[in-house]
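**Student:** this one's sequence-less:
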C-alpha cells in the first residue's frame, strides 16, 4: 500500500475555508431560516471534514508505526474539551440569571449529559421535539448534540481503524465503510416517520456523513495507486461547489433530513476536499481566500458561541430582526476570535502526558461544572436556597392566570386515549343533574380549551357533557395520516379506534380542533371533516362545530414570568386584526353547518375580537390566551360568562339542550339535582 504521509499531513487552507463556509451557513440559518433555508447542512459539512481529518491523521500514523490511542484521545481533549467546558459554564451562569427555574433545570440537565459526550442522546430522549421547532430555538445548549455525535465517533472509529485498517485489504475496508455509509443514509429515510428525533440526533443516521469523509482520506493516502489527473480537480471542485450551493438554497426544515437527502451536501463537501487533494483548482482557491480561512480557524469557537447568544436573545425578545441578527452574529464572531487566542490555542499546547491532559483539561473542570449543574437540577435535594421564596410566589401568581387546559384534572386531554378515558367520571361537566351525559365534546387541544366555556354554558342550558381530547389529533373518522405529524400518527390512530365507537352512546357530538393547522397540511382535511360530520348525522346525531379562536401570533404567555429576571424585557398586550387563515377556515365550517341538516356552528370571535381587532387580553386586562392558539382555563370560563351576558344562550347549544330534552322525554331542569 503506497502512502504519502507528508502529503497527507500537509496543511490545507481550502479545508479551513470550507469550515468557514460551513459555520457561516449554520449561523445565518440559525439567525433566520429565511436567510439561508438549507444552511443547517453546514453541520453535515463539518461531519465530512471531521471524518476526513481524523481518518487521515490516524491512518497516516498507523502507516508510519507511530499511532497511540492515548495520544489520540489526549489531542481530542485538548482540541474539544476546554472550549466546550467554558461554553457550558457560561451558559449555566447566564441561564441562572435570565431564565425561569424550570428552564434553568432543563439547561442544567442538558449540561450534565453534554459533559459526558451524550448531548445528542439527551435531546433525543428528553426533548425529542423537532430540531427546527420554535421551542428548541430557546434551548441554549442544543447545538452540542453535534459535538456528541463527533465525540462518539472519536471513541469508536480509531479502534476500528486500529483493528481492521492495517489487516484488511484497503479495497475490502473501503467497501465495508461504503456499505455502512449507504446503510446510514438509507436508515434516515426508513426511520424518519417513526422517530424523526432519533434520525436527526443519533450516530447511526449520521455515521454515513463521517464515513464519507473517511473514505476520501483513505483515497488520498492511496493516491499513488488511485491517482487522478490534475485536470480532474476543476470539474470535481465545480460539482462539489454546485451540490453545496444547491443544498443551501433548496433544502429547508421541511426536507426529510438526514437520510438520502444528506448525500447531496456531504458529497459536495467530499468532492471539494478530494479536488483540493488532486490539484489546486478554482474551487479550492476560492475556499482558501483569507477571510474564509480566518473564519474557518475560529469556526469551532464560533459554532459554540453563536447558538447560546441567539437562544438567549430569542428567550427574551423573540426572533431577531436584521439589525439585531447582525449584531448577535458579529458578537459571536468577536467572542470566537478571543476564545481562539485565549483558550483554544493555549489548550492545544498544554504540556504533559495524556493522563495530565485528561485530569487538568477535562476531568477536573468537568467535575466542577457538573457539580454546579447538579445544584440547579436538584436545588431542594441539595438544600440550595434557589430560587428565593418571594420569586416563587410571584411566579406562581402569574402562572395561575394562564394555566392551560391540559393541566386541569376535569379536562381529559390525552396523548393517546384508552377505554377508561371514555368512562372516567371526572371528565363529565355541565348541569348538576342525575342523568348520564348524552353529549360529548371530541377533538384536540383546541377542543380542550373550550371545556371551561362549554361547562359555563351547559350549566345554564341544563345539559351534561363528557370531554375527550387527543393532542394534535383531529376529529375525523378516516385515517388521519395526511393531517398529522408522523410522530403522532400511531397515537391518533389508536385513539380514533377508542373514541369513534364510543360516540354511539351520545345524542349530540360537539367537535372542535385547530382547523386551520390541519387544513394547511392538506386540502383533503376539510372534506374529511365534512364527511365525518355527515356520517354522524346519518347515525342520528346532532353535531355542533366550534370554530377556532383567532391566532395571537407573537404572544408569549411566559413573557411576564421571564420579565421577573430578564433585564429590559417588556410585555405589551398583543393585538391582531382578524385577517388570517382562521376566519377563512371558520367561514367554510359555518357555511357547511348552515347547509347541512342536524349541524350547528358556533365561535366566540365576537367576544374575542371587538370591532375586528383581536387581543390576548380581556376588556378588564386579564390574559385570555395560554399560547398563540389556546385559551387559558380561567379565561375559557370567563369567556362562557361573556357569551351568555352579551349574546344570551347561543342557538347551537340551545339546540343541544332541546335535543337532549327530546331524547329523555322530559326537561332536564325538572330532574333531581346532584348534591
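**Tutor:** All right, it came through fine. Every value quoted in this text rests on a predicted model; they were computed, and no experiment measured them. Numbers count the residues shown, from 1 in each chain.
**Student:** quick one, strands of the stretch 551-675 of the chain?
**Tutor:** For the stretch 551-675 of the chain, applying DSSP state E, counting those that start in this stretch gives strands covering 575-577, 599-602, 613-615, 625-627, 630-631.
**Student:** could you dump those to CSV with distance to residue 335?
**Tutor:** Backbone N, C-alpha and C define where each C-beta goes, glycine included. Formatted as CSV, the strands of the stretch 551-675 of the chain follow (distance: least, CB to CB, whole Å):
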stretch, distance to residue 335
strand 575-577, 37
strand 599-602, 54
strand 613-615, 40
strand 625-627, 33
strand 630-631, 38
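**Student:** out of these, which one sits most buried?
**Tutor:** strand 630-631 (a mean of 26; mean count of other CB atoms under 10 Å).
**Student:** of all the strands of the stretch 551-675 of the chain, which one is nearest residue 514?
**Tutor:** Each of these was scored for nearness to residue 514 using CB to CB, and the closest is strand 630-631 (8.8 Å).
**Student:** in its sheet, what does that closest one sit against?
**Tutor:** In the sheet, strand 630-631 lines up against strand 625-627 (antiparallel) (DSSP bridges).
**Student:** so what's residue 637 up against?
**Tutor:** Counting by CB atoms under 8 Å, 6 or more residues apart in numbering, residue 637 makes contact with 452-453, 455-456.
**Student:** residue 475 now?
**Tutor:** The neighbours of residue 475, taking CB under 8 Å, 6+ apart as the test, are 442-444, 447, 511-513, 529, 532.
**Student:** next: residue 149.
**Tutor:** Contacts of residue 149 (CB under 8 Å, 6+ apart): 47, 120, 201-203, 206, 210.
**Student:** quick check: end-to-end length of stretch 108-127?
**Tutor:** With CA to CA, to the nearest Å as the measure, stretch 108-127 spans 13 Å from end to end.
**Student:** swap in stretch 402-410?
**Tutor:** This stretch, stretch 402-410, spans 16 Å end to end (CA to CA).
**Student:** now what about that stretch, what contacts it?
**Tutor:** Residues contacting stretch 402-410 (CB under 8 Å, 6+ apart): 411, 413, 426-427, 429, 445, 448-449, 451-452, 471, 557, 623, 625-627, 630-634, 636.
**Student:** how many other residues sit next to residue 193?
**Tutor:** 15 (other CB atoms under 10 Å).
**Student:** surely it touches residue 486?
**Tutor:** Yes - counting by CB atoms under 8 Å, residue 193 does reach residue 486; the two are 4.3 Å apart.
**Student:** and the longest helix along the chain, what's buried?
**Tutor:** Secondary structure of the chain per DSSP state H: the longest helix is helix 69-98. Buried residues in helix 69-98, counted by 16 or more other CB atoms under 10 Å: 72-89, 91-92, 94-96, 98.
**Student:** with neighbour count and secondary structure added, can I get the contacts of residue 637 in CSV?
**Tutor:** Compiled in CSV, the contacts of residue 637 are given as follows (neighbours: other CB atoms under 10 Å; DSSP: H, G, I helix; E, B strand; the rest coil):
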residue, neighbour count, secondary structure
452, 25, helix
453, 24, helix
455, 21, helix
456, 21, helix
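**Student:** which one of the residues you listed sits closest to residue 595?
**Tutor:** residue 453 (25.8 Å).
**Student:** which non-adjacent residue is nearest that closest one?
**Tutor:** Excluding the flanking residues, the one nearest residue 453 by CB to CB, 6 or more residues apart in numbering is residue 640, at 3.8 Å.
**Student:** following the lowest-mean-pLDDT helix or strand in the chain, which helix or strand comes up?
**Tutor:** The weakest-scoring helix or strand in the chain, judged by mean pLDDT, DSSP states H and E, is helix 5-9 (a mean of 45). Once the chain leaves helix 5-9, the next helix or strand it forms, by DSSP states H and E, is helix 13-31.
**Student:** from the chain's centroid, how far away is that following helix?
**Tutor:** Its chain's average C-alpha position is 22 Å from that of helix 13-31, according to CA atoms, centre = their mean, to the nearest Å.
**Student:** do a quick rundown of the helices in the stretch 51-200 of the chain.
**Tutor:** Secondary structure of the stretch 51-200 of the chain by DSSP state H, counting those that start in this stretch: the helices cover 69-98, 101-115, 119-125, 144-160, 170-192, 196-201.
**Student:** which residues sit against the shortest one?
**Tutor:** It refers to helix 196-201. Here helix 196-201 makes contact (CB under 8 Å, 6+ apart) with 120-121, 123-124, 128-131, 145, 149, 187-188, 191-192, 205, 257-259, 486-487.
**Student:** the fifth one now?
**Tutor:** Judged by CB under 8 Å, 6+ apart, the contacts made with helix 170-192 from elsewhere in the structure are 1, 164-165, 168, 198-199, 204-209, 211-212, 214-215, 218-219, 222, 256-260, 262-263, 486.
**Student:** taking those one by one, which sit in strands?
**Tutor:** Within the contacts of helix 170-192, no residue falls in strands by DSSP state E.
**Student:** just the buried ones from those, in PyMOL syntax?
**Tutor:** To isolate the buried members of these in PyMOL, using 16+ other CB under 10 Å:
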select buried, resi 165+198+199+205+206+207+208+209+211+212+214+215+218+219+222+257+258+259+262+263
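**Student:** please flag which of the contacts of helix 170-192 sit within helices.
**Tutor:** Going by DSSP H, the helices hold 198-199, 207-209, 211-212, 214-215, 218-219, 263, 486 from the contacts of helix 170-192.
**Student:** lowest-confidence entry in the residues you listed?
**Tutor:** On pLDDT alone, residue 486 ranks lowest of those, at 78.
**Student:** where does the prediction get shaky in the stretch 401-550 of the chain?
**Tutor:** In the predicted model of the stretch 401-550 of the chain, no residue satisfies pLDDT under 70.
**Student:** rewinding a little: please indicate which of the contacts of stretch 402-410 are buried?
**Tutor:** When the contacts of stretch 402-410 are checked for burial by 16+ other CB under 10 Å, the buried set is 411, 413, 427, 429, 445, 448-449, 451-452, 471, 557, 623, 625-627, 630-634, 636.
**Student:** just these: which are in helices?
**Tutor:** Cross-referencing the buried ones among the contacts of stretch 402-410 against helices under DSSP H gives 445, 448, 451-452, 633-634, 636.
**Student:** now tabulate these in TSV and tack on distance to residue 276.
**Tutor:** TSV is the format used below for those (distance: CB to CB, whole Å):
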residue	distance to residue 276
445	52
448	57
451	63
452	64
633	61
634	63
636	62
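**Student:** closest to residue 396 among these?
**Tutor:** Among those, and counting by CB to CB, the member closest to residue 396 is residue 634, at 14.1 Å.
**Student:** who wins for most neighbours among the contacts of residue 149?
**Tutor:** Neighbour counts for the contacts of residue 149 (other CB under 10 Å) peak at residue 210, which has 30 neighbours.
**Student:** not counting sequence-adjacent ones, nearest residue to that one?
**Tutor:** residue 51 is the one closest to residue 210 (CB to CB, 6+ apart), at 3.6 Å.
**Student:** what about that neighbour, distance to residue 218?
**Tutor:** Counting by CB to CB, to the nearest Å, the separation of residue 51 from residue 218 is 10 Å.
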